[in-house]
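Undergrad: structure for this input, please:
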Amino acid sequence: MLEHAPKAPQIRGLFINGQWRDTPNHFDDLNPSDGSVWASIPDAGAKETGDAINAAQAALAGWAALPFQERAHFMLKIADVWERRMADYVAAAQHEGGGWFGKGMFEAGYVPEVFRAAAGLCYSAIGEVLPSEHGKFSTAVRVPIGVVGVISPWNMPGILTARGFAFPMAAGNTIVLKPSEDTPYAGGLHFAEVVKEAGVPDGVFNVVTCSRNRVAEVGDELIDNPLVKGVSFTGSTPVGRRIAAKCGAHLKKCCVELGGKDSLIVLEDADMDRATSSASFGAFMHQGQICMSVEKVLVHEKIYADFLRQFVERAAKLKTGNVADKGNVIGPLVNDRQVARVKAQIEDALAKGAKLALGGGVQGRFVEPTILTHVTPDMDVWRHETFGPVAVVTPFKTDHEAVALNNDTEYGLSSGIISADENRALALSRQLETGMCHINCSSINDEPHVPFGGTKASGLGRHGGRWSLETFTETRWITLDRGSRPYPPVF
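TA: Numbers count the residues shown, from 1 in each chain. The predicted model follows:
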C-alpha cells in the first residue's frame with residue numbers, strides 16, 4: 001500500500017550571504033513518480049548568481065584565515081545537523097528524486113561521513129619543506145584558491161553535492177552551489193538549511209537555484225565571473241566538456257566527474273551468487289541512474305548460459321513502481337528526457353538484432369529492469385551511456401578479449417572484476433582504461449576519502465579527500481633566506 005508523500009518543506013528562497021532571498025519567478029519541482037508538483041522553487045538568474053559570488057568573495061578572507069581546527073569544527077557541526085535531519089533528506093530523495101527508500105537511507109547515512117572526512121583533512125599536512133642549494137628555509141604550501149562554483153547533479157544529490165563542496169570549503173575556499181533543477185531541494189536548499197543551522201559564517205556557503213530555462217545563464221555567470229577561481233562539476237560528458245573548455249579559456253581550475261559505460265567482468269572461476277548480485281546491484285540500483293552503473297556485463301563463455309539464467313532470475317524479483325511504496329526498488333526515471341533516451345536505446349538494439357532476456361517495458365517514467373543479449377558494437381546501447389535500468393550481457397573467450405570489450409568506449413570511469421584468482425584479476429585490472437576498478441565487487445563503489453574520478457571522456461581531476469586539494473588549492477613557494485644568498489657584485 002502506498003504511503004502518502006510527506007508535504008514538501010517550506011522553501012524559504014535562495015541562500016545568499018546567510019540570508020534567504022525570494023525571486024519574482026518560480027518553477028515547479030516535480031515528483032517523478034506521479035508528476036505532481038512537490039515544491040515551488042526560486043528561479044534565479046545571472047544577477048542573483050553574481051550577488052552570491054560577491055557574498056562568497058566578501059567572506060573569503062575571514063574564512064580562509066580561521067584557524068584550521070575551527071573550520072574542522074564547523075564541518076563536524078554540519079555532519080551532526082545533517083544526521084539529526086536524515087528523515088528530511090530521505091523524504092526528498094524519494095519524492096523529489098524518485099529514489100527507492102533504501103537508496104535515500106544509504107545517501108543520508110553517507111553524507112555526514114563526507115563532512116567528517118573533510119574535518120579530518122583540516123589536520124593533514126598543507127605543504128612540505130624543500131632542500132635549498134642556498135641554505136634557504138624553502139617551503140611549498142597549499143592555499144585556498146578563492147570562490148569555488150559547484151554544479152551538482154540530480155541522481156545522487158546528497159553524496160555528490162556534499163563531495164563537491166565539503167573538501168574545498170574545509171580547505172578555506174568559499175562556495176556558490178547551483179543544484180540540478182530536478183533536485184533543487186535535496187541537492188541544494190536542504191544543504192543551505194543544514195549549513196545555516198550549523199552556524200557557518202555568512203557568505204561562506206551560498207545556494208542559487210534555477211529552472212532548466214535559465215541553466216545556461218546561471219552556469220555562465222558561475223564559470224565566467226572573474227571572482228570564481230575554480231569549478232566543481234558532476235554530470236554528463238557533453239556538458240562537462242563545455243564547462244572544462246570554458247574554464248580552460250579563463251585559466252581556471254576545474255574538476256569534472258562525468259559519464260561512464262562501465263563493465264563488470266565475470267571470469268569462469270567466479271562465485272556465481274556474488275557475480276549475479278554484483279551485476280543486479282550495479283545495473284539496477286537507482287534505476288541505473290548512477291555514473292558508475294554496470295551497463296555491460298562481460299561473462300566468460302564457459303559460464304555464460306548459467307550466469308545469464310541466474311542473473312535474469314535475480315533481476316526479475318525487483319519490483320517497479322511508485323517509491324512511496326517502500327517495496328518498490330525500481331522507481332521512475334527522473335524526467336521524460338531520460339525515459340526517451342533509454343527507450344530509444346532499447347528500440348534501436350532490438351531493431352538491429354538484440355534479444356530481450358528480461359524486461360523492456362516502459363510505462364510513463366517507469367522502465368522495467370531490462371537485460372539485453374546479442375548486442376553488437378553498431379548499437380547505441382553499446383556505445384553510449386544509458387543511465388537507465390538496462391544491462392547488456394556479452395560473452396568473451398579470453399582475458400585479452402574481455403579487456404578489449406571493456407576498453408571499447410570513449411568512457412573510462414569505473415569497472416568490476418569477479419574472480420576467485422586475485423592475482424589474475426589484479427593483472428586484468430591494470431589493463432582496463434578506467435579511473436577505478438573493484439575486484440569481487442560492483443563498479444559502484446565510493447568512500448569519502450578516496451580519489452574518485454575517471455579517465456578519457458569520464459572526467460578530469462579527482463574528487464574526495466586530499467585529492468580534492470589538488471584542484472581546489474594553489475601551491476605557493478615561500479622561502480626564508482638564512483644563508484645570505486649573494487648577488488652578483490655588479491648589483
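
Undergrad: every contact and neighbour count from this point should use C-alpha atoms.
TA: OK.

Undergrad: which stretches of the stretch 1-150 of the chain have low pLDDT?
TA: 1-7 (pLDDT under 70).

Undergrad: repeat the analysis, applying 50 as the threshold.
TA: Along the stretch 1-150 of the chain, the parts satisfying pLDDT under 50 run over 1-2.

Undergrad: now do the helices in it.
TA: Using DSSP state H, counting those that start in this stretch, the helices assigned to the stretch 1-150 of the chain run over residues 46-65, 68-84, 86-95, 101-121.

Undergrad: could you list every helix and strand in contact with the longest one?
TA: Right, helix 101-121. helix 68-84, helix 86-95, helix 157-170 (3 or more C-alpha pairs under 8 Å, 6 or more residues apart in numbering; DSSP states H and E).

Undergrad: one more: the third one?
TA: Based on contacts counted as 3+ C-alpha pairs under 8 Å, 6+ apart, the elements that helix 86-95 packs against are helix 101-121.

Undergrad: run the chain-centre distance for the helix it packs on.
TA: Remark: helix 101-121 is offset 13 Å from the chain centroid, using C-alpha atoms, centre = their mean, to the nearest Å.

Undergrad: what of stretch 318-329?
TA: 24 Å.

Undergrad: now render the helices and strands packed on helix 101-121 as TSV, adding distance to Thr183.
TA: Shown next, in TSV, are those (distance: least, C-alpha to C-alpha, whole Å):
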stretch	distance to Thr183
helix 68-84	17
helix 86-95	8
helix 157-170	7
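
Undergrad: wait, which of these is closest to Met105?
TA: helix 86-95 (6.0 Å; C-alpha to C-alpha).

Undergrad: could you list the residues in contact with the closest one?
TA: Here helix 86-95 makes contact (C-alpha atoms under 8 Å, 6 or more residues apart in numbering) with 5-6, 8, 31-33, 38, 99-101, 104-105, 108-109, 157-158, 185-186, 190, 323-324.

Undergrad: quick one, which of these are buried?
TA: Buried residues within the contacts of helix 86-95, counting neighbours by 16 or more other C-alpha atoms under 10 Å: 5, 8, 31-33, 38, 99-101, 104-105, 108-109, 157-158, 185-186, 190, 323-324.

Undergrad: contact partners for the residue sitting nearest the centre point of the chain?
TA: Central residue of the chain (C-alpha atoms, centre = their mean): Leu160, 4.0 Å from the mean position. Residues counted as contacts of Leu160 (C-alpha under 8 Å, 6+ apart) are Ser152, Pro153, Thr234.

Undergrad: follow-up on the earlier one: for the helices of the stretch 1-150 of the chain, give me TSV that also has distance to Val362.
TA: Formatted as TSV, those follow (distance: least, C-alpha to C-alpha, whole Å):
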stretch	distance to Val362
helix 46-65	38
helix 68-84	36
helix 86-95	20
helix 101-121	22
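
Undergrad: can you tell me which of those is most buried?
TA: helix 86-95 (a mean of 23; mean count of other C-alpha atoms under 10 Å).

Undergrad: quick revisit: quick check: the gap between the residue nearest to the centre of the chain and Asp262.
TA: For Leu160, the distance to Asp262 equals 19 Å [C-alpha to C-alpha, to the nearest Å].

Undergrad: and Gly248, by the same measure?
TA: 28 Å.

Undergrad: again, but for Pro369
TA: In terms of C-alpha to C-alpha, Pro369 sits 17 Å off from Asp262.

Undergrad: tell me which of those two has more neighbours.
TA: Asp262 (30 against 27; other C-alpha atoms under 10 Å).

Undergrad: endpoints of stretch 127-146, how far apart?
TA: Stretch 127-146: ends 18 Å apart by C-alpha to C-alpha.

Undergrad: buried residues in that stretch, which are they?
TA: Applying 16+ other C-alpha under 10 Å to stretch 127-146 flags Lys136, Ser138, Thr139, Ala140, Val141, Arg142, Val143, Pro144, Ile145, Gly146 as buried.

Undergrad: out of those, which sit inside strands?
TA: Ser138, Thr139, Ala140, Val141, Arg142, Val143, Pro144 (DSSP state E).

Undergrad: I'd like those residues as JSON lines, with distance to Glu433 appended.
TA: Formatted as JSON lines, those follow (distance: C-alpha to C-alpha, whole Å):
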{"residue": "Ser138", "distance to Glu433": "38"}
{"residue": "Thr139", "distance to Glu433": "36"}
{"residue": "Ala140", "distance to Glu433": "33"}
{"residue": "Val141", "distance to Glu433": "33"}
{"residue": "Arg142", "distance to Glu433": "31"}
{"residue": "Val143", "distance to Glu433": "32"}
{"residue": "Pro144", "distance to Glu433": "32"}
